[in-house]
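Visitor: Can you look at this prediction? I've put the sequence above it.
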Amino acid sequence: MSSKDNPYFVGVDLGGTNMKIGVMDNHGETLVYDSIPTLVERGPDDAVRRMAAGIHKAVKKAGLTPKDIARVGLGSPGTMDIPAGMLVRPSNLPGWDFFPIRDRLAAESGFGVTFANDATAAAFAEYWVGAGKGEQGLVVLTLGTGIGCGIILEGRPWDGCHSHGGEAAHNLIDISQNARWCKCGQRGHFEAYASATGVANRTIEMVNAELKTTLAPRVRKAPRRDMVPKIVFEEAEKGDKLAIRIVEETAYYLAIGMVSLTHTIDPSCFLIGGAMTFGGNASKTGRLFLRRTKAELKSRIFLHLAERLRVKFALLGGDAGYIGAAGLARQEWAKEER
């Protein structure tokens with residue numbers, strides 16, 4: 001049976017630590033999943049060779065042959081030139097500047113490759129088989145060390161004219177002279193306030209101000225700053241007032257960033273995902289976070305939009321990247337087959 005009759009796809013989610021590889025069927029079901037270390041320091045050529053080998057290993061493990069695979073999708077972080085299939089200056093892949101990763105992977109693996117921003121891939125996964133299924137205008141915000149943003153409009157990813165269409169993390173939300181610094185080197189950006197890094201910075205400042213809170217001893221003893229948002233979540237669940245205040249302030253900043261996106265894109269739905277959802281729907285703190293985000297957003301946008309706009313948690317978690325990459329490969333393959 002040919003791939004045209006029963007197409008299968010492979011999705012690859014390239015990260016600074018690991019590369020996730022999934023073999024998917026035509027309906028978005030994962031047949032095989034694997035993860036291999038990126039080993040950034042070895043350089044992009046070495047990574048591509050191991051990525052290609054990982055793809056073939058996963059295909060074999062799924063009981064398929066290379067002929068069964070219609071196309072491969074690759075989602076990558078960092079600045080990029082999507083039409084050229086090139087990484088430009090990916091901050092978490094140092095030394096990989098101006099690397100033609102799409103064509104190198106195609107040559108090494110023997111498959112056609114669809115190249116996408118990793119946040120866009122995650123958004124497409126939610127549109128295809130996740131919480132945003134069927135939405136005509138979908139924005140997915142992934143909250144982690146930074147903020148990822150993927151935009152899907154009428155079933156198609158919006159990459160912009162220069163492959164930077166989803167860089168909402170760097171939208172300006174604070175124009176004051178003492179606005180917080182973003183890791184990109186500019187002040188007042190969305191990411192500096194609503195990301196896990198922003199939460200950690202604000203929490204540490206409050207703890208150092210000697211405010212009464214059960215956060216203080218845990219935050220001061222935390223071996224790494226990136227553990228602080230989890231501590232905030234845990235203490236908020238226990239009822240600590242300062243921890244709850246930090247969660248509510250984060251919802252406020254998140255909503256402020258979403259206002260401009262709402263009035264610019266006019267989406268039908270926002271999905272909030274990533275590692276920092278304060279437990280999501282499964283926790284009272286996560287439900288508070290979502291409820292406050294909705295309230296803050298809807299009080300600042302046109303009433304007509306507030307009555308129609310949906311805001312929910314994303315569904316697919318850490319699997320979204322490779323699922324969406326495979327889905328985008330599927331979309332490109334279907335277009336070519338027509």
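Guide: Nice, I can see it. Residues are numbered from 1 along each chain as shown.
Visitor: before we move on, what SS does Arg50 have?
Guide: For Arg50, the secondary-structure state derived from DSSP: H, G, I helix; E, B strand; the rest coil is helix.
Visitor: Name the nearest residue to it, ignoring sequence neighbours.
Guide: Spatially, and ignoring its direct neighbours in sequence, Arg50 is nearest to Ile36 (6.2 Å; C-beta to C-beta, 6 or more residues apart in numbering). For glycine as for every other residue, the C-beta is placed from the backbone atoms N, C-alpha and C.
Visitor: so which helix or strand takes in the one you found?
Guide: Following DSSP states H and E, the helix or strand that holds Ile36 is strand 30-37.
Visitor: how far out from the middle of the chain is that strand?
Guide: How far strand 30-37 lies from its chain's middle: 18 Å, per C-alpha atoms, centre = their mean, to the nearest Å.
Visitor: for that strand, packing partners?
Guide: For strand 30-37, the contact count by 3 or more C-beta pairs under 8 Å, 6 or more residues apart in numbering; DSSP states H and E identifies strand 18-25, helix 44-61 as packing neighbours.
Visitor: I'd like these laid out as a markdown table, including mean pLDDT and mean neighbour count.
Guide: Rendered in a markdown table, the data for these read as follows (pLDDT from 0 to 100; neighbours: other C-beta atoms under 10 Å):
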| stretch | mean pLDDT | mean neighbour count |
| --- | --- | --- |
| strand 18-25 | 98 | 23 |
| helix 44-61 | 98 | 18 |
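Visitor: I'd like to know which of these is closest to Ser176.
Guide: Nearest to Ser176 among the helices and strands packed on strand 30-37 is strand 18-25; the distance by C-beta to C-beta comes to 38.5 Å.
Visitor: partners of the closest one, with directions?
Guide: Strand partners for strand 18-25, identified by DSSP bridges, are recorded as strand 8-14 (antiparallel), strand 30-37 (antiparallel).
Visitor: before we move on, back to that, include distance to Thr120 when you put the helices and strands packed on strand 30-37 into CSV, please.
Guide: Supplementary listing: these in CSV, determined by distance: least, C-beta to C-beta, whole Å:
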stretch, distance to Thr120
strand 18-25, 16
helix 44-61, 19
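Visitor: For Val311, which of these is the nearest?
Guide: Of these, nearest to Val311 by C-beta to C-beta is strand 18-25, at 27.1 Å.
Visitor: which residues in the stretch 51-200 of the chain form helices?
Guide: For the stretch 51-200 of the chain, the helices identified by DSSP state H, counting those that start in this stretch occupy 101-109, 118-129, 191-194, 196-208, in order along the chain.
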